[in-house]
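**Student:** here are the coordinates; sequence isn't available:
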Ligand SMILES: C[S@@+](CC[C@H](N)C(=O)[O-])C[C@H]1O[C@@H](n2cnc3c(N)ncnc32)[C@H](O)[C@@H]1O
């Protein structure tokens, strides 16, 4: 039996996404808001944004990328069909980058982190589920690049706060 790629899966559930996961992801965004205070002037990239419904809790100007056209069709922000591994933006274009519960879907975490670091000036915020197998891989990739990060836990989610120079 053929297994859906992440894009195929998210395209299929796009219509029901906010109903299924909206409240859960909104709570994660509210937690992140306690950790970081974006200003109205900040330009912020959301990688694997999906519908981006939770971005309404923040100040700042948001740009979203996601490979799922169907999820993006429900996203009201400036948006691009793109993957974390190849971000269509110049170096240091954004003040901040965030990515909520999406890193487990990236096909190449090493490349995705390189891309996020390349386009970001100040800090990157990534969240994953605590049980996800991606956590040891992500920690190893961040450490191998000499990136300084701290972790915060909220319910069953781990947040990685990566400060850039
Ligand atoms: C669990 S959803 C999270 C969506 C959104 N961040 C939220 O919190 O509601 C995972 C997202 O990762 C996206 N995704 C899958 N592969 C990706 C990749 N290679 N690069 C960026 N995003 C990807 C999916 O399309 C999906 O929107």
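**Tutor:** Yes, it's here. Please read all numbers here as calculations on a predicted model, not as lab measurements. Numbers count the residues shown, from 1 in each chain.

**Student:** what's the next secondary structure element after the worst-scoring helix or strand of the chain on mean pLDDT?
**Tutor:** Sorting the helices and strands of the chain by mean pLDDT, DSSP states H and E puts helix 6-13 at the bottom, at a mean of 92. Once the chain leaves helix 6-13, the next helix or strand it forms, by DSSP states H and E, is helix 17-35.

**Student:** which residues touch that next one?
**Tutor:** For helix 17-35, the surrounding residues in contact (Cβ atoms under 8 Å, 6 or more residues apart in numbering) are 10, 13, 50-51, 53-55, 57-58, 71, 74, 98, 100-101, 125, 127, 152, 154-155, 157, 159, 161. Backbone N, C-alpha and C define where each C-beta goes, glycine included.

**Student:** gap between that helix and the chain center?
**Tutor:** Remark: helix 17-35 is offset 12 Å from the chain centroid, using Cα atoms, centre = their mean, to the nearest Å.

**Student:** buried residues in that helix?
**Tutor:** Using 16 or more other Cβ atoms under 10 Å as the burial criterion, the residues of helix 17-35 that qualify are 17-18, 21, 25-26, 28-29, 31-32.
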